[in-house]
Structures are given as structure tokens and as C-alpha cells.
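>>> generate coordinates for the sequence data below:
(chains A and B)
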Amino acid sequence: MLFGTVTTIKVLVCSTILYVIISLIFGLMRLSKNPLIQGTATVYIEFFRGTSLLVQLFWFYYVLPFFGLTLEAFTAGVVAIGMNFGAYGAEIVRGGILAVPKGQWEGAFALNFTPAKRMRKIIIPQIFPIILPPAANLTVELLKATALVALVTVVDLTFEAKQINSITWLSAQCFGTALLIYYIISRFFLVPFLRWLEVLAARKVGKDKI
Amino acid sequence: MNAEWRWDFAIEILPQMLLATLNTILAAGIGYAIAAVVGLLFLLGQRTPIKIVNMINREIVEFIRSTPLLIQLFFVYFVLPQFGITLSAWVCGMITIGLHFGTYLSEVYRGALEGVPKTQWETCRALNFSTFYTYRKIVLPQAFPIAIPGMGNYLVGIFKDTPLLSTIGVAELFHAATAVGGYNYRYLEPYTIVGIIFLTLSIPAAMWIRKLEKNVNLAQGKIKKEQL
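Presented below is the predicted three-dimensional model:
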């Protein structure tokens, strides 16, 4: 079970990194003035939010090999979860960028910053305190979603629990322990870490006194 | 096994898939009804003035919210028979989904109740209305519109989580797709059709909820018509 827990944490870390990158890219694309770029992002987001994660996971794992692209179970799991949560995250990023006060945009404009520099130096650093609380919720959701990779044969915590259950038939102990481990990861490790990030981000832009 | 999309096969399995879609919708509907009621119970637990009840309620909600639905399903499905309670996969699935999303809905309800300005309560107190009357006539009519978008989102959420039920053998859409795929050894068409069915159902639902949200905001005077 502990071995499975390590895999679960690996999946969690990898897909969190992937989803953060994807949500930043697509969140920015969503705000682009170019209709083609914006359209691509919208289609992507609607597609991944509209279908179930489990369906996407199975699609990545069982259907992509037909197109000659065989992914390992672990990779398929991470990619599916990352892309799915990236779509949700992109909406959060978009909301965060729009929530930056207008004066900041105008100030940067008045100082003759190029759009790229304005985004990078002024706007992006300010979105973190705004987007981190919803992103933290999303990350806890992601932890729970990692359980699904067991269904495409990744040997994670859920998979181990199922396996041990089918050998010993001590269901209450197996699944009870698995539930507890997930609870402990989320309650005592993930959530405090995310809270700490929130405090850090708030301090960076000098908002910690509010 | 080749990578080509076969229309004849897709059309052949389509009626079977659509039939299973009805099961999926039914499961989402029942699960949502249970979740709505369970959410109210959790809300009640949260708002009782007894401290210990609040604390226990909070821990239960935290626990259910931070553990995966999949394992909860397994837990209910495999563990209850050990205590002599044997339920069908359907019943297990509905109970688990109801409990899981009930915790989320209780948060939505709480947010909606807290969204009603405090002055409304104070005014009712000043007018000497009873608590029950205040809830029924003043607070709930104002809280309900606030709760609608959140409730709608979780309806779509439940709908998208119903494929998990296939893991304990509920014969819904995803289960049908896996069965068809395994029988014919072709997964491309079944899983793609599942994806398309989900898209065609959940995108209009999401759009409808967004419209509802706008209407609610309009009715409450939070935004003006020109802003739309």
C-alpha cells in the first residue's frame, strides 16, 4: 500500500505540474485578440470540461494506440489528468487576469511597456493571490482524480487496495486504509502546503495585511 | 485491428449506446435528488447551535470531500456486505454519489444563506417575525436564486462522474461502451461515441446554467440589462 502511495504522489506531482503549465498557456490564449488562438483555446476548454475524465483517460489509453501512439499507463494517466484539469485551470487563470485592477493595465500602458512585458512583469505576478484559492481547491480535486488512473492499470494506491482486497477479501481494512491515506495526504500535507503558497503569494504583492 | 474509423460499426452500436445513455441520465438524476437532500442534512448539522455536532459534521464533510469517489464506491460496495447488508450496484452507486455530492451541495447552500445580507435578518427580528417565518418568507426566496448556479454546476458534475459507476457494474453508458468494445475488440468507436454523447449533453446544460445565472443576476439587480 505504501508503495502504491508513492505512485499516487508521483502522479499527483507530475499532473499538477502539467496542469499548471497548460492552464497558464490556455488561460492566456483565451484572452488573445486573435480569433484563431482564442477559438482554439475555447474548443479545447469546452471539450475537456464537457467530457468525463474517465472517458478521456480510457480514450488516451485504449484508443490512441490505434493511431500508432502507444502511451504507457502512467504517462496516459498523467497526460489525461493534466489536460483535463488544465482546462479547468485555464478558466481560473482567465478570471484571475481579468480581476487585476484596470489601473494596473493603464499604468503599464502609460509607462510604455510592450504588451509582452506588461503581461510578464505587471499582470502575471499579481494574479497569483487571486487564483491560488480556487487553484488550491482544484488541486485537491486533482488528488482525488488520481485514483482513476488505477483503472488504466497504474499501480497506485487505489490499485493496490483493489488488488489486496481481491486476495484477502478484507474489504473494510483495505478500502478503509486507502481512504485514510488519501485523507491524510490531503488534510495534513497538500492543504497546508497550498495555504502556505497562498500566504507567500499574498506577501509578495504586499497584500498580507488585509 | 486497424486505426480506421468504421462508420458501419459505429452506426451498428449507436442504438445500444443511446439506450445506455438513458441509464446514465437516470443515475445522474437520482444521484442528484439524493445529494440535494443529503446536502440539506449536512447544512442542518452545520447550523445547529450545538458545538460538538458542528465539529463532527465538519470532519465528516472534510473527510468525504477529500477522498476519491472511486474508493468510496468500492468501500460501500464491498464493505457493507461484510456487515450483512447486501445492496445492488445501483443502490450503492446512488448512495455514494448522493453522499459525496451532498457535501458539496451543503457548501453551496451555506454560501447562498450567507449571501443574504445580514440586515434582512435584523429587519425581520425588528418586525418580530418568527424564525420559521423569516426563513420561509424572507431568507429562502432570496437564497435560492444565489444557489442555482452552484447547484446546476454540480448537476453537470454528477453527470460527468457517473462513468465511475461502471467500475462496480452499473450498466450505464460507459459500461456499455466497455462491454461493446470488449466484445468486438474495437475500442475506438465506442469510447469516441461516449465522448461525443457526453459533449452533446453537457455543453448545452452548461450554457443553460450560464443563462440562468445571468437571469438570476438580472432579477436581483446585480447587473443591468445594458451590460449583457
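
>>> can you tell if the longest helix along chain B touches chain A?
Counting residues, the longest helix found in chain B (DSSP state H) is helix B:7-47. No: using CB under 8 Å from any CB of the partner chain, helix B:7-47 never reaches chain A; the gap is at least 9.8 Å. Every C-beta, even on glycine, is put in place using the N, C-alpha and C of the backbone.

>>> return the distance of that helix from the chain's centre.
Relative to its parent chain, helix B:7-47 has a centroid offset of 8 Å by CA atoms, centre = their mean, to the nearest Å.

>>> so for the following helix or strand past it, what gets flagged as buried?
Counting by DSSP states H and E, the next helix or strand C-terminal to helix B:7-47 is helix B:51-66. By 16 or more other CB atoms under 10 Å in any protein chain shown, the buried positions in helix B:51-66 come out as B:Asn57, B:Val61, B:Phe63, B:Ile64, B:Arg65, B:Ser66.

>>> tell me the angle of helix B:51-66 relative to helix B:7-47?
Angle, helix B:51-66 to helix B:7-47, by axes from the mean of the first three to the mean of the last three CA atoms, to 10 degrees: 160 degrees.

>>> show me what the helix or strand that helix B:51-66 is followed by is packed up against.
Downstream of helix B:51-66, the next assigned helix or strand under DSSP H and E is helix B:69-79. Contacts defined by 3 or more CB pairs under 8 Å, 6 or more residues apart in numbering or on different chains; DSSP states H and E place helix B:69-79 against helix A:157-168, helix A:171-184, helix B:89-115.

>>> mind running it again at 6 Å?
If you count contacts as 3 or more CB pairs under 6 Å, 6 or more residues apart in numbering or on different chains; DSSP states H and E, helix B:69-79 packs onto helix A:171-184, helix B:89-115.

>>> mean pLDDT lowest for which of those helices?
Mean pLDDT values for the helices and strands packed on helix B:69-79 show the minimum at helix A:171-184, a mean of 87.

>>> list the buried residues of the helix or strand following that one.
Once the chain leaves helix A:171-184, the next helix or strand it forms, by DSSP H and E, is helix A:191-204. The neighbour-count criterion (16+ other CB under 10 Å) identifies A:Val191, A:Leu194, A:Leu197, A:Glu198, A:Ala201, A:Ala202 as the buried residues of helix A:191-204.

>>> helix/strand/coil for the closest residue to the first one other than its chain neighbours?
It stands for A:Val191. In space, and not counting its chain neighbours, A:Val191 is closest to A:Val140: 6.8 Å by CB to CB, 6 or more residues apart in numbering or on different chains. When classified by DSSP: H, G, I helix; E, B strand; the rest coil, A:Val140 comes out as helix.

>>> how many other residues sit next to A:Val140?
Neighbour count of A:Val140, defined by other CB atoms under 10 Å in any protein chain shown: 17.

>>> can you check A:Ala108 too?
Neighbours of A:Ala108 under the rule other CB under 10 Å: 18.

>>> next one, pLDDT for it please.
87.

>>> ok, it to A:Ile123 distance?
8 Å (CB to CB, to the nearest Å).

>>> how about low-confidence regions in chain B?
The model of chain B has pLDDT under 70 over residues B:1-3, B:220-228.

>>> can you list the residues of it near chain A?
Contacts of chain B with chain A, taken as CB under 6 Å from any CB of the partner chain, map to B:3, B:63, B:66-68, B:70-71, B:74-75, B:78-79, B:82, B:160, B:163, B:187-188, B:191, B:194-195, B:198-199, B:202-203.

>>> buried members of those into PyMOL, please.
The PyMOL command for the buried members of these (criterion: 16+ other CB under 10 Å) is given here:
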select buried, chain B and resi 63+66+67+68+70+71+74+75+78+79+160+163+187+188+191+194+195+198+199+202+203
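
>>> so the closest residue to B:Leu14 other than its chain neighbours is in which element?
Of all residues not flanking B:Leu14 in the chain, B:Ile193 sits nearest, at 6.8 Å (CB to CB, 6+ apart). Taking DSSP H and E as the definition, B:Ile193 sits inside helix B:188-219.

>>> so how far does stretch B:43-56 reach from one end to the other?
Start and end residues of stretch B:43-56 are separated by 13 Å (CA to CA, to the nearest Å).

>>> roughly how far is it from the heart of the chain?
Per CA atoms, centre = their mean, the centroid offset for stretch B:43-56 relative to its chain is 23 Å.
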